Structures are given as C-alpha cells and as structure tokens.
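**Student:** My questions are about this predicted structure, shown below with the sequence.
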Amino acid sequence: MTPRVTVLMTVYNGQPYLREAIDSVLAQTFRDFELLVVDDASQDGSLETIRAYRDPRIHVVAHASNMGQAASLNEGLRVARGEYVARLDQDDRCVATRLDRQAQALDERPELAVVGSWVYYSDASGRTTGVVGMRVENFGHLLGALLIGASPFGHPSVMFRRSMILDAGGYPEEFAPCEDYALWCRLAAIRRPAISLRTPLTMLRQHDGQQSTQRAARQRDRCQAAHLELLTRILGSEPSLELAAMLRADETFMTGRNASADVHAQLQPLLARLATMLTSVDEQRALRRRLAWWLGRSAFLGAFDRAPARLAMRRAATRIDPLAIRYPTMWLSPVAEVVGLVCPPSTRERIRRATAHVGRRRAAARLFHEQLARSPDAPSNGHAA
C-alpha cells in the first residue's frame with residue numbers, strides 16, 4: 001500500500017544521534033508513512049544502525065561512494081512513494097504530532113507547496129535551549145524573507161508536496177550546500193506559496209560536528225548566488241550587485257564608503273515587479289514591512305559604528321514603507337549613534353548583540369511558554385534562551 005507521507009532523511013556518518021532521529025519518526029501519531037533513509041557512504045556504522053531496525057516502514061538506499069546531500073535528496077525524491085515528503089536531518093528529532101499537523105495543513109490548502117514550522121533548538125546533549133521561527137502566513141512574508149537573504153524555515157522542519165518540488169526541478173545541486181534556500185527561491189519565482197506553522201514541531205540539535213557548521217563559508221557564497229538568481233528572475237535581467245548586497249545588508253555594503261545613491265532608484269523597478277507577483281493588499285503589506293523592518297534594523301545596528309551606509313539603509317526603508325519611521329529601530333538610531341561615540345568597542349558589541357535579537361527572542365519566549373503550558377509534546381526540560 002502506498003504511504004501518504006515519505007519522511008526523507010539523508011545520512012552521512014550520523015552517529016551518535018541517528019537512533020534518536022529514527023525513533024522520533026517511528027513514534028509519530030500519524031501512521032501512514034514510510035521512512036526513506038539515503039545513506040551516503042557512511043563510514044561510522046550508521047548503515048548498520050539503520051539496518052538493525054526491523055520496522056517495515058523503513059526503506060534504505062545505500063551509496064557505494066559519497067554523492068553529497070543535494071544529490072542524495074534528489075535521489076530520495078525520485079524513490080519516495082508518498083504524496084507529501086517531510087524532511088529530517090540525522091541529528092534532529094520530530095515532535096510526535098509533526099506529521100499529523102503538517103499533512104493536515106497541506107490537505108486543507110491544496111495551493112501550498114511547502115509547510116514549515118517553528119523549531120526547538122537543543123544542545124549536543126539534547127537539552128532544549130530555545131525556540132525560533134519566522135512569521136510566514138502568506139506569499140508576501142515568504143518573498144520578503146527570501147529577498148533579504150533569509151531562509152523562511154529550517155530545512156529539517158518542512159513537509160512539501162512532492163509533485164510541486166519535482167515540477168520545479170528538485171533541489172538545485174549547483175547551489176549546494178545552500179540547496180534548500182535555492183529551492184525556496186525557485187518556488188517563489190513561479191509563485192508557489194508556502195507557510196510556516198507557529199508551533200515548534202521539530203527539534204534541531206546544535207553541535208560542532210554538524211555539516212552546516214563545517215561548511216559555513218561555502219554556504220554563504222552559494223546562498224548569495226541563489227539570492228542573485230531570484231532577483232534576476234523577478235526583474236527579468238541581472239540586478240546590480242549593490243542592490244543585492246543592500247537587501248542582504250552585507251557587511252561589505254554597510255562599511256563601504258562608495259554606496260551609490262543610484263541604489264535607491266534601483267529599488268523602484270524591483271518594487272514594481274514585486275507588486276505584480278502579489279495578489280492581495282495583505283501580501284503587499286507583509287512584504288513591504290519585512291523589507292523595511294530589515295533595512296531599518298540593519299541601519300540601527302550600523303549606527304553604533306557609524307557605518308557609512310547606515311543613512312542609505314534608512315532612506316531605503318522609508319522608500320519601501322513610508323511608515324517605517326514608526327519602527328523603534330528607526331527612531332532610536334540617533335541614540336545608537338550617540339552610544340557609538342561614547343562607548344568602547346566591547347560595550348558597543350554587547351549592546352548590539354542584545355538589541356539585535358530582542359524582538360525575536362521576546363516573541364519566541366512567549367510562544368515557548370505557551371507551548372509548555374498547553375502541549376503534551378513540548379520538551380519538559382526546556383527553557384527559553
């Protein structure tokens with residue numbers, strides 16, 4: 001019998017966390033699934049650990065040589081039998097109701113390509129350290145996140161409609177190890193909607209051995225390339241590197257002394273093209289607020305060090321959203337500049353770090369405690385970071 005959901009896990013030297021990941025899938029309240037594990041030539045006994053399970057829902061594809069995660073994911077997509085595919089990494093865990101909640105969301109909204117969720121963070125021992133997520137309730141939220149170079153959801157937290165991903169060409173292997181962000185960009189460019197459930201359904205483990213930690217520099221380079229491709233697809237021509245760097249708030253743009261005033265003029269054709277992709281006032285408002293908030297926040301953080309591009313960022317924020325001045329980061333920027341003048345670098349850095357995440361951390365802490373109060377699936381040893 002064909003399962004409705006395929007849980008797709010790629011494994012490369014997955015010890016010592018692999019059993020926890022597999023057990024969390026087998027404990028799901030949703031039962032109509034298969035667990036497809038693609039072992040990418042592990043050398044630490046991971047394949048033997050997987051094959052020791054006798055559960056008929058587990059299917060294994062074993063590589064004789066290492067192909068990389070993006071290629072392994074695409075192979076998994078071709079082999080998967082489920083209508084929906086849920087991703088999970090070898091060192092992460094699922095909340096027991098994850099498949100239930102995400103499959104229900106896809107059932108109820110057939111236009112959706114992807115359903116993500118907020119996530120719990122844990123340390124190497126599995127102790128919960130916080131909860132993180134981004135608001136993605138409509139296409140404007142999704143596109144706004146991608147345009148500032150942010151991934152709208154953690155890759156191991158998503159469930160997607162397999163047919164739509166295959167129609168989009170699967171994971172773009174040329175952008176590995178940023179293949180997930182590149183895929184979301186390609187889906188957005190052809191207007192395939194996605195949402196993120198504001199409930200943590202996956203527990204992401206942070207440790208020094210994880211692949212994203214080991215290849216961060218290449219990931220940043222490939223994500224920038226995917227970001228440029230998205231802008232090119234939206235505009236119909238290659239954008240200026242300056243515009244792309246401003247949207248991402250790259251350090252090279254913030255500290256550069258030759259930021260051209262033309263970058264503001266370049267915003268206008270982008271905003272005009274974006275307006276044609278958005279089908280409602282809510283989507284337009286969501287996109288403009290996300291872009292303006294990000295640029296205003298970046299200008300605020302740059303004010304501590306009197307970054308040359310800080311004023312250009314503030315001007316861009318108000319051009320995108322005339323009401324951006326109401327954001328605290330906008331009207332507090334003069335205060336940040338004064339602090340930057342009188343405080344030593346170490347103090348400025350501590351203040352910058354504290355203020356950079358205060359809004360997100362307050363919202364995350366509030367949601368985290370709500371989950372602890374009402375959800376039997378929330379980890380009992382958790383606390384908000």
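**Tutor:** The structure has been received and is ready for your questions.
**Student:** what's stretch 274-290 in contact with?
**Tutor:** The contact list for stretch 274-290, computed with Cβ atoms under 8 Å, 6 or more residues apart in numbering, reads 137-141, 143-145, 147-148, 191, 234, 320-321. (Glycine included, C-beta is placed from N, CA and C.)
**Student:** Looking at the residues you listed, which are in helices?
**Tutor:** Residues of the contacts of stretch 274-290 located in helices (DSSP state H): 139-141, 143-145, 147, 234, 320.
**Student:** picking that back up, quick one: which of the contacts of stretch 274-290 is nearest to residue 273?
**Tutor:** Of all these, the one with the least separation from residue 273 (Cβ to Cβ) is residue 234, at 5.2 Å.
**Student:** Let's verify residue 174: helix, strand, or coil?
**Tutor:** helix (DSSP: H, G, I helix; E, B strand; the rest coil).
**Student:** and the closest residue to residue 53 other than its chain neighbours, what does it touch?
**Tutor:** If the residues on either side of it in the chain are set aside, residue 53 comes closest to residue 22, at 6.6 Å by Cβ to Cβ, 6 or more residues apart in numbering. If a contact means Cβ under 8 Å, 6+ apart, then residue 22 has 9, 35, 37, 50, 53, 58 as its contacts.
**Student:** Name the helix or strand for residue 22, please.
**Tutor:** helix 18-26 (DSSP states H and E).
**Student:** buried residues in that helix?
**Tutor:** For helix 18-26, the neighbour count (16 or more other Cβ atoms under 10 Å) marks 18, 21-22, 24-25 as buried.
**Student:** Distance to residue 181 and pLDDT for those - can I get that in CSV?
**Tutor:** Converted to CSV, those look like this (distance: Cβ to Cβ, whole Å; pLDDT from 0 to 100):
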residue, distance to residue 181, pLDDT
18, 25, 97
21, 22, 97
22, 26, 98
24, 25, 98
25, 24, 98
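**Student:** Can I take it that residue 34 is in a strand?
**Tutor:** Yes. Residue 34: assigned to a strand according to three-state DSSP.
**Student:** With only the CA atoms kept, save the helix holding residue 22 in PDB.
**Tutor:** C-alpha atoms of helix 18-26 as PDB (Å, rounded to 0.1, in the frame of the first residue of the first chain):
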ATOM      1  CA  LEU A  18      20.900   8.700  14.500                       C
ATOM      2  CA  ARG A  19      18.800   6.400  16.700                       C
ATOM      3  CA  GLU A  20      17.100   9.400  18.300                       C
ATOM      4  CA  ALA A  21      16.200  10.800  14.900                       C
ATOM      5  CA  ILE A  22      14.800   7.500  13.700                       C
ATOM      6  CA  ASP A  23      12.900   6.800  16.900                       C
ATOM      7  CA  SER A  24      11.200  10.200  16.800                       C
ATOM      8  CA  VAL A  25       9.800   9.300  13.400                       C
ATOM      9  CA  LEU A  26       8.600   5.900  14.400                       C
END
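**Student:** Which member of the contacts of stretch 274-290 is positioned nearest residue 218?
**Tutor:** For these, the nearest to residue 218 is residue 148 (20.6 Å; Cβ to Cβ).
**Student:** How about the closest one, nearest residue that isn't a chain neighbour?
**Tutor:** Nearest to residue 148 is residue 294, by Cβ to Cβ, 6+ apart, at 4.6 Å.
**Student:** Please apply the same query to residue 26.
**Tutor:** Closest residue to residue 26 apart from its sequence neighbours, by Cβ to Cβ, 6+ apart: residue 55 at 6.0 Å.
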